[in-house]
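1. model this:
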Amino acid sequence: MKFLSIPAISLSLLLSLLLPLKAYPFSGAYFIKDNNELFGLNKKYIIKHDKETLIDLSLRYDLGYNEITDANPEIDPWFPGKDREITLPTSWILPSFHDDLSDGDKLIIINLAEMRLYLIKKLNNKMRVTTFPVGIGRAGGETPLGSFRVNEKLKNPAWTIPPSIRDEYPDLPDIVPPGPENPLGRYALRLSRPEYLIHGTNKPLGIGRQVSHGCIRMYPEDIGFLFRLVSVRDRVLIVYQPVKTAAIDGEVYIEVHRDYRGKKKILQDAITLLRKRGLLDKVDDKLLYRAVNANGGYPVRISTQSLKGFRIRKTK
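-> As a prediction, the model looks like this:
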C-alpha cells in the first residue's frame, strides 16, 4: 500500500524550536504544487481519562467543533470515555479556485461548507498553505460569498455595535472597548465589504459553528498568526464547497462535508466534479457512495479496489 507523503516543512515545528513553550493551536504550513492536492495527515488519538472531551482535542489540534464531531459521529463530544479511539481529521484538500497567482501573491480562501480558512502564498512555483478553523454566520446572518480584499488591519479593535445586533440586544452599549469582554478579540481584518471582518473571539467554543452575524471568527492564537502573515489589499475568496477531490500518484480522494444549507445534491456534485477532472473511471462506486453518506469532513480514498482511506497515524 502506498502511503501519502508528508509535507517537507511544518511551521509549527519551527516555532516550537524558536519560541517559549506555549499552547499554540496553529497547525502549520504546507507546501503543495497545485490546488487539487491533498496535504496533512490524519491521526488516531486514545482518550486518556473520563474528563477528556472532543472539545479539548479540537482546541489542542486546531480543529473546529464541526470537524471533530463529524469525523467521530457516533461519539459523545462531551463524554467520549476513557480509552476510546478518536479520529483527528488533520488532512485537507484545498478548495478549488481560479485565481492566477504570481510569485509572492497571497490569497485567503474561506470555505464556508467546512468552516475553514486557507492562506495561500505563491513561492517559487509552489504554494505555501496555512490553514485554520473558523466560525461563520448563522441562519439569517449568513457570511456572504464572493471576492473581497483586506481593507484594514486592526489591533485591539473597539466594537461599534451594528443596528442589526442592537435590535436583537437593546441593552448593549454603543461601543465595546478593547479588552476581554470584546467579542472581536485582539486582532481583526476588515474586508472590502466593511461590515464583515475576520477577527478573534472571546468565545472559542464558537469555532466550527454557525454562531456569528456574518463575520468570520478565529481562535485567538490563530488570528494572531494570520494578522502577521496578511497584508492590506490581500485578496479574500469566500466559497461554499462541500465536496472536494484530489488525485495523488494515481489514487483518487474525496472530502465531503455536510451541506448545512441543504440546497446541493452532494452525490451528483461529486460525480460531476470527478467527471470534469477525468477521474470518474478510476473511482469505486461503493467507496464513493460510502464517503458521500458518511460526510466525515476529511479526505478518504475512493480509487477502484482501494479498501481503506490513506494512512492514519496514532497519537498518544
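2. next up, the contacts around residue 104.
-> Taking CB atoms under 8 Å, 6 or more residues apart in numbering, we find residue 104 in contact with 121-123. To be clear about C-beta, it is placed using only N, CA and C from the backbone, and glycine gets the same treatment.
3. out of these, who's nearest residue 165?
-> Nearest to residue 165, judged by CB to CB, of the contacts of residue 104 is residue 121 at 34.1 Å.
4. in three-state terms, label that closest one for me.
-> Of the three states, residue 121 takes strand under DSSP: H, G, I helix; E, B strand; the rest coil.
5. which of the contacts of residue 104 are buried?
-> Buried residues within those, counting neighbours by 16 or more other CB atoms under 10 Å: 121-122.
6. now distance to residue 88 and pLDDT too, for the contacts of residue 104, in JSON lines please.
-> Converted to JSON lines, the contacts of residue 104 look like this (distance: CB to CB, whole Å; pLDDT from 0 to 100):
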{"residue": "121", "distance to residue 88": "26", "pLDDT": "94"}
{"residue": "122", "distance to residue 88": "29", "pLDDT": "91"}
{"residue": "123", "distance to residue 88": "28", "pLDDT": "89"}
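7. which of the contacts of residue 104 sits closest to residue 106?
-> Each of the contacts of residue 104 was checked against residue 106 using CB to CB; the closest is residue 121, at 4.8 Å.
8. wait, the closest one touches residue 102, no?
-> No. Residue 121 is not in contact with residue 102 according to CB atoms under 8 Å; the separation is 11.0 Å.
9. list the neighbouring strands of the longest strand along the chain plus their orientation.
-> With secondary structure taken from DSSP state E, the chain has its longest strand at strand 146-155. Partners of strand 146-155 in the sheet, by DSSP bridges, are strand 187-191 (antiparallel), strand 235-239 (antiparallel).
10. measure how far that strand is from the centre of its chain, please.
-> 19 Å (CA atoms, centre = their mean, to the nearest Å).
11. tell me where the model's unsure across the protein.
-> 1-28, 167, 305-316 (pLDDT under 70).
12. show me the residue at the heart of it, geometrically.
-> residue 116 (2.1 Å; CA atoms, centre = their mean).
13. please name the residues that touch the residue lying closest to residue 160 once chain neighbours are set aside.
-> Sequence neighbours aside, residue 175 is the residue nearest to residue 160 in space, at 5.3 Å (criterion: CB to CB, 6 or more residues apart in numbering). Residue 175 is in contact with 158-161, counting by CB under 8 Å, 6+ apart.
14. need the nearest residue in space to residue 284, chain neighbours excluded.
-> Nearest residue to residue 284 in three dimensions, chain neighbours excluded: residue 304, at 4.9 Å (CB to CB, 6+ apart).
15. pretty sure the one you found contacts residue 282?
-> Yes. Residue 304 lies in contact with residue 282 (CB under 8 Å); the separation is 5.8 Å.
16. what is the neighbour count of the closest residue to residue 185 other than its chain neighbours?
-> Leaving aside its sequence neighbours, residue 185 sits nearest to residue 200 (CB to CB, 6+ apart; 2.1 Å). Residue 200 has 24 neighbouring residues, counting by other CB atoms under 10 Å.
17. I figured residue 200 hits residue 216, correct?
-> No. Look at residue 200 against residue 216 with CB under 8 Å: they stay out of range, at 10.5 Å.
18. how about residue 205, secondary structure?
-> helix.
19. got a list of contacts for stretch 245-257?
-> So stretch 245-257 is contacted by 2, 4, 36-38, 70, 92-93, 113-114, 242-244, 266, 270, 273-274, 277, 279, 282-283, 288, 291-292, 294-303, 306, 310 (CB under 8 Å, 6+ apart).
20. go with 7 Å
-> Residues from elsewhere that reach stretch 245-257 (CB atoms under 7 Å, 6 or more residues apart in numbering): 2, 4, 36-38, 93, 113-114, 242-244, 266, 270, 273-274, 277, 279, 282-283, 288, 291-292, 295, 297-303, 306.
21. do stretch 266-285 as well
-> Under the criterion CB under 7 Å, 6+ apart, residues 242-243, 245, 247, 252, 254, 256, 259, 288, 292, 302-306 lie in contact with stretch 266-285.
22. list the contacts of the closest residue to residue 220 other than its chain neighbours.
-> Closest residue to residue 220 apart from its sequence neighbours, by CB to CB, 6+ apart: residue 200 at 4.7 Å. Listed by CB under 7 Å, 6+ apart, the contact set of residue 200 reads 184-187, 218, 220, 223.
23. need the contacts of residue 104 in CSV (columns: distance to residue 169).
-> Shown next, in CSV, are the contacts of residue 104 (distance: CB to CB, whole Å):
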residue, distance to residue 169
121, 39
122, 43
123, 45
